[in-house]
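Enquirer: Quick one, fold the following:
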Amino acid sequence: MPVVQMFMLAMIAFAVILILYFVPIGMWIQGIVSLGLGRIRIVDLIRMRLRKISPRLVTDGVINLHKAGLVTIATDMLETHYLAGGNIQNIVDAMIAANKANIPLTFETATAIDLAGRDVKEAVQTSVYPKVIDVPQKGYLAAVAKDGIELKARARVTVRTNIPGLIGGATDETIIARVGEGIVSAIGSSNNYTAVLENPDNISRTVLEKGLDAGTAFEILSIDIADLDVGKNIGASLQADQAEADLRVAQARAETRRAMAVAEEQEMTARTQEMKATVVAAEAEVPKAMAQAFRDGNLGIMDYYKMENIKSDTGMRDAIADSDSDSDSSDDNPVENN
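Expert: I've put the predicted structure just below:
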């Protein structure tokens, strides 16, 4: 008998715990005390348990919203957003902050922003307290003026959130890219770098007038040039590189002409040797022709001796002429003779 009683007590205790889990009486009483009877029904709390929705999260959210004056938001609206994968706590905080700051933000817009993956709470905070974006985030923007001098700039862009533009609007990375492009364009259109250094605010005005925040989730309030330094003389470097390239081209062309001249000289030398070989071959035919003339009877012995005498006279005259030319050259250079 005691065993049966203990079993019955255990079953009763389990049933009570199960009922208290599915019927959160404490949260229902809290809703009645905070909002009055009928705002949060016990049936709604039981339905949340069955649909695996946190009753505590929804109950606290509805109570906070109603206390802030947002009485049009009911429990089923928060339940739907929770089942869609939204962040109820962020929605509640953003709605309360926007209401206190007089920022027009409907529940539908807030839930759409949250489901799009944006932090709606941070968006409302940025609308109240604008944030500053460094352009670029690291390092400097390098741009070249028309006179060839490089300038390195760094800007700080003050923006605030454009809440309607959060749905489908570009992020701060687009702001950074557009502002950087505008600064480079403004410096590049300057005639000289001194004009930029004297009036850096001209860059800010020029960039701000382009409406770079169109299609983004932010509204640009101001663009301030935080740092502006002088870099390299890019124009002179390019001219030096061009001159060096022209010199290399000229050297290559001169080398080509020299190689062609050497090849032509070698070709002429080969032709000369070829002609000499032809002459030697022709001279070698002379004795053969004379022997043939002797055999044919066209050349006599006296004719041969006369030819030899003429050759000897010619050799003697050449020797005398060479000796006379050597003596004349020695007379023209007496210092060398001494």
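
Enquirer: low-scoring stretches of this structure, by residue?
Expert: 1-5, 7-10, 12-39, 299, 301, 303, 324-338 (pLDDT under 70).

Enquirer: If we use 90, what do you get?
Expert: Across the chain, the ranges flagged by pLDDT under 90 are 1-91, 93-247, 249-338.

Enquirer: What are the boundaries of the strands in it?
Expert: Under the criterion DSSP state E, the chain contains strands at 131-135, 141-144, 149-161, 218-233.

Enquirer: of those, which approaches residue 113 most closely?
Expert: If you check each of the strands of the chain against residue 113 by CB to CB, strand 149-161 wins as the nearest, at 10.0 Å. No exception for glycine: its C-beta is placed from N, CA and C like everyone else's.

Enquirer: And the helix of greatest length in the chain, how far out from the chain middle?
Expert: When the chain is parsed with DSSP state H, its longest helix is helix 234-296. Between the centre of helix 234-296 and the centre of its chain there are 54 Å (CA atoms, centre = their mean, to the nearest Å).

Enquirer: any idea of the angle that helix forms with strand 218-233?
Expert: 50 degrees (axes from the mean of the first three to the mean of the last three CA atoms, to 10 degrees).

Enquirer: counting contacts, what elements does helix 234-296 pack onto?
Expert: strand 149-161 (3 or more CB pairs under 8 Å, 6 or more residues apart in numbering; DSSP states H and E).

Enquirer: Repeat the analysis, applying 10 Å as the threshold.
Expert: strand 141-144, strand 149-161, helix 301-332 (3 or more CB pairs under 10 Å, 6 or more residues apart in numbering; DSSP states H and E).

Enquirer: In PDB, list the C-alpha atoms belonging to the shortest one.
Expert: So the one you mean is strand 141-144. Output of strand 141-144 as PDB, limited to C-alpha atoms (Å, rounded to 0.1, in the frame of the first residue of the first chain):
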ATOM      1  CA  LEU A 141      44.500  57.400 -50.500                       C
ATOM      2  CA  ALA A 142      47.100  58.200 -53.100                       C
ATOM      3  CA  ALA A 143      46.200  60.600 -55.900                       C
ATOM      4  CA  VAL A 144      48.200  62.600 -58.500                       C
END
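
Enquirer: and that strand, which residues are buried?
Expert: 141, 143-144 (16 or more other CB atoms under 10 Å).

Enquirer: For residue 77, see how far away residue 260 is.
Expert: 90 Å (CB to CB, to the nearest Å).

Enquirer: Likewise for residue 315?
Expert: Taking CB to CB as the measure, residue 315 falls 133 Å from residue 77.

Enquirer: Quote the end-to-end distance of stretch 130-143.
Expert: 28 Å (CA to CA, to the nearest Å).

Enquirer: got the buried residues for it?
Expert: Under the neighbour-count criterion of 16+ other CB under 10 Å, stretch 130-143 has 133, 135-136, 141, 143 buried.

Enquirer: Tell me which residues touch residue 85, please.
Expert: Counting by CB atoms under 10 Å, 6 or more residues apart in numbering, residue 85 touches 114-115.

Enquirer: Tell me how far it lies from residue 97.
Expert: 22 Å.

Enquirer: Equivalent analysis for residue 227, please.
Expert: 34 Å.

Enquirer: what about these two, which has more around it?
Expert: residue 97 (19 against 12; other CB atoms under 10 Å).

Enquirer: Looks like that one contacts residue 70 (just checking).
Expert: No: Residue 97 is beyond contact range of residue 70, at 11.4 Å (criterion: CB atoms under 10 Å).

Enquirer: Touching, residue 165 and residue 159? I think so.
Expert: No: counting by CB under 10 Å, residue 165 does not reach residue 159; the two are 11.3 Å apart.

Enquirer: since we're on residue 288, how many residues are nearby?
Expert: By the criterion of other CB under 10 Å, residue 288 has 9 neighbours.

Enquirer: wait, residue 283
Expert: Neighbours of residue 283 (other CB under 10 Å): 9.
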